[in-house]
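> Build me a model:
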Amino acid sequence: MLFVGRCLSEGWQNRRSRGYSYICAIIMSKKGKVLVAMSGGIDSTVSALMLHDQGYDVVGITMKTWDYASAGGGKKETGCCNLDSFNDARAAAVEHGFPHYVLDIREEFGDHVINNFVEEYIAGRTPNPCVLCNTHIKWAALLKRANALGCDYIATGHYVKVREENNRFVLSKARDLTKDQSYVLWGLGQECLSRSIYPLGDYLKTEVRQIAWDMGYKELSTKSESYEICFVPDNDYRGFLKRNVAGLEDRVNGGDFVLADGQVVGKHSGYPFYTIGQRKGLDIAFGKPMFVTNILPESNTVVLGEAHELQQNEMVVRGLNMVKYDHIPDGMEAVTKIRYRDPGMTSVLTAAPGGVHVSFQHAVSSVAPGQSAVFYEGDDVIAGGVIQK
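Here you go, the predicted structure:
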C-alpha cells in the first residue's frame, strides 16, 4: 500500500479542466469506505473531495435537521439546512462520481435539541444546542447510517484533530486556532472518535478556500459563513421562544430587574430573554454600564450588577465526557474554556458530586449555567461538561 502525503492547495490546480481526479502525484490505493457529512458548505465539500481523491470510497450524506418554513422569523434561509445547500452537496457528489443521500432527522433533532433549548431557557440557563446536537444527534445518526451502508469511517468538515494514544482516541485543537472546533465536540464518545476522520485538522481556512478555488468551486470558496443557530435563522432566539412556547409571555412577562441587595430598579420583558453577562437590550438607564449577573426563574427576576460582579473564581461542572483520560485525578491542572471564543484560564480540577469543581487561577467573567466547560492539556481535550453554577 502506498502512503499518501498531505496535498496542499497548489496540487489541485487545473484539476477540473483536466477532466480527471488529481491523485497527489502518486497512485493511491483504496483506504476504506467513509460516510462524509456534507452540508453543502465549503468545509464539508472540500473534505469529501479530498478523501475521494486520497483513495477512500466516499458516500456523501446531508442531514436535514430543521424545517425553515416552520421557524418563522421572516428572513430567507441561511445555514446548512436549506434546499440550496442540499443541492450543492448532491451536485458535488454527482460530479465526482460518488453516491449522496439526504437523511431526515428532524424528529430526533426536535425531540432532543429544540426541546432542550426551550427547557434550558425556561429554567434560567443558557443552552448550547450545537454541542447537544453533535453529541446526541448528528454523530449518532452518522454512525447508524455508516453501519447500514457498510462504512468503516465517518468524516466531517470540522477543524479538529484525532489521534490514538494509550488505547484512547484523543480530540485535539486544529492547526488553525481561529477555526478550531474542539470546544463544540467535547461530547463525542470513544466509539465516535475511533471512527472519525477530520481532513481539515492540519489546514488553515485560507488554504481550504484556495483548494476550493483551484478545484473550480469559485463561488463556494468566497462564500461567507453563517454562525447562527441552524433552527434560529434570523438569530433572534427570543422570537423563536415566543413562537414556539405556548403562553410564554403570559407565564414570564412583567418581572423585576433587581440589584444584588434585592432593590427593584425596573421591569424586564421575561427572564428567558436574558443571558448572564448581557449588557445590551436591557432598556434601562443607570448612567453606568450594567450587566445581567443572575437569573432567578422561580421569581421571574433578573439580577443586574456592575462588571466586577460578573467575576468568579470557581464553578461546578457536571455531565462529564472523558476524552484523553478515563478519569480526572484530584488536583489536576488544566486550561478551562467556558465559551467557544474563550482563550481559557488555568484552573485546578477536584472531584465534586457528579462532576468536578473548578478553581480558576484568576477570576473569569460571565460564567453561564447551561454552557459548556472544556478542559485542555496543551492542545488536547481532557474532558468536557455542562456548567452548573
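
> contacts and neighbour counts: CA atoms only from here.
OK.

> buried sites along the strand or helix carrying residue 321?
Element membership of residue 321 [criterion: DSSP states H and E] is strand 311-322. By neighbour count, and taking 16 or more other C-alpha atoms under 10 Å as the criterion, the buried residues in strand 311-322 are 311, 314, 315, 316, 317, 318, 320, 321, 322.

> try stretch 296-308
297, 300, 301, 302, 303, 304, 305, 306, 307.

> Endpoint to endpoint, stretch 351-358 covers what distance?
In stretch 351-358, first residue to last residue: 9 Å (C-alpha to C-alpha, to the nearest Å).

> To which secondary structure element is the closest residue in space to residue 92 that isn't next to it in sequence assigned?
Nearest non-adjacent residue to residue 92, counting by C-alpha to C-alpha, 6 or more residues apart in numbering: residue 45, 7.2 Å away. Take DSSP H and E as the rule and residue 45 turns out to sit in helix 42-53.

> tell me what that helix is packed against?
Of the remaining helices and strands, those touching helix 42-53 by 3 or more C-alpha pairs under 8 Å, 6 or more residues apart in numbering; DSSP states H and E are strand 33-37, strand 57-64, helix 83-96, helix 205-214.

> swap the cut-off to 10 Å and go again
For helix 42-53, the packing partners by 3 or more C-alpha pairs under 10 Å, 6 or more residues apart in numbering; DSSP states H and E come out as strand 33-37, strand 57-64, helix 83-96, strand 153-155, helix 205-214, helix 218-221.

> could I get these as a markdown table with distance to residue 258?
Formatted as a markdown table, the helices and strands packed on helix 42-53 follow (distance: least, C-alpha to C-alpha, whole Å):
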| stretch | distance to residue 258 |
| --- | --- |
| strand 33-37 | 47 |
| strand 57-64 | 43 |
| helix 83-96 | 46 |
| strand 153-155 | 49 |
| helix 205-214 | 45 |
| helix 218-221 | 49 |
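
> Tell me how many other residues surround residue 289.
Per other C-alpha atoms under 10 Å, the neighbour tally for residue 289 reads 11.

> can you pull the contacts of it?
279, 280, 305, 306, 307 (C-alpha atoms under 10 Å, 6 or more residues apart in numbering).

> Look up how far residue 283 lies from it.
According to C-alpha to C-alpha, residue 289 stands 12 Å off from residue 283.

> before we move on, what about residue 321?
Going from residue 321 to residue 283 by C-alpha to C-alpha gives 40 Å.

> And residue 165, by the same measure?
The gap separating residue 165 from residue 283 is 52 Å, by C-alpha to C-alpha.

> Check residue 306 too.
Residue 306 is 16 Å from residue 283, by C-alpha to C-alpha.

> Redo the helices and strands packed on helix 42-53 as TSV? Include mean pLDDT, distance to residue 329 and mean neighbour count.
What follows is these, written out as TSV (pLDDT from 0 to 100; distance: least, C-alpha to C-alpha, whole Å; neighbours: other C-alpha atoms under 10 Å):
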stretch	mean pLDDT	distance to residue 329	mean neighbour count
strand 33-37	97	36	26
strand 57-64	95	39	22
helix 83-96	88	45	17
strand 153-155	97	32	24
helix 205-214	96	36	19
helix 218-221	88	45	16
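
> Among those, which comes closest to residue 115?
Distance to residue 115, taken as C-alpha to C-alpha, is lowest for strand 57-64 among those, at 17.1 Å.

> For the closest one, name the packing helices and strands.
For strand 57-64, the packing partners by 3+ C-alpha pairs under 10 Å, 6+ apart are strand 33-37, helix 42-53, helix 83-96, strand 100-104, helix 106-109, helix 139-148, strand 153-155.

> and it, how far from the chain's centre?
Offset of strand 57-64 from its chain centre (C-alpha atoms, centre = their mean, to the nearest Å): 19 Å.

> Could you spell out the sheet neighbours of that strand, each with its direction?
The strands beside strand 57-64 in its sheet (DSSP bridges) come out as strand 33-37 (parallel), strand 100-104 (parallel).

> For the stretch 201-350 of the chain, give me the ranges with low pLDDT.
The model of the stretch 201-350 of the chain has pLDDT under 70 over residues 226-227.

> quick one: the strands in it?
256-258, 264-267, 291-296, 301-305, 311-322, 332-337, 345-352 (DSSP state E, counting those that start in this stretch).

> Tell me who's in contact with the residue of the chain positioned farthest from its centre.
Ranked by distance from the centre of the chain (C-alpha atoms, centre = their mean), the top residue is residue 263, with 38.5 Å. Taking C-alpha under 10 Å, 6+ apart, we find residue 263 in contact with 256, 257, 303.

> May I see the buried residues of stretch 263-271?
In stretch 263-271, counting by 16+ other C-alpha under 10 Å, buried: 266, 267, 268, 269, 270, 271.

> Make TSV out of those residues and add distance to residue 366.
Converted to TSV, the buried residues of stretch 263-271 look like this (distance: C-alpha to C-alpha, whole Å):
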residue	distance to residue 366
266	22
267	22
268	20
269	21
270	20
271	17
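
> Out of those residues, which is nearest to residue 327?
The closest of the buried residues of stretch 263-271 to residue 327 turns out to be residue 271 (C-alpha to C-alpha; 36.7 Å).

> show me what contacts the residue nearest to residue 266 when sequence neighbours are not counted?
The shortest distance from residue 266 to any non-neighbouring residue, by C-alpha to C-alpha, 6+ apart, is to residue 257 (5.0 Å). Shown in contact with residue 257 (C-alpha under 10 Å, 6+ apart): 263-271, 282, 284, 292, 295, 300-304.

> quick revisit: ok, of the buried residues of stretch 263-271, which one's closest to residue 214?
The nearest member of those to residue 214, counting by C-alpha to C-alpha, is residue 271 at 49.8 Å.
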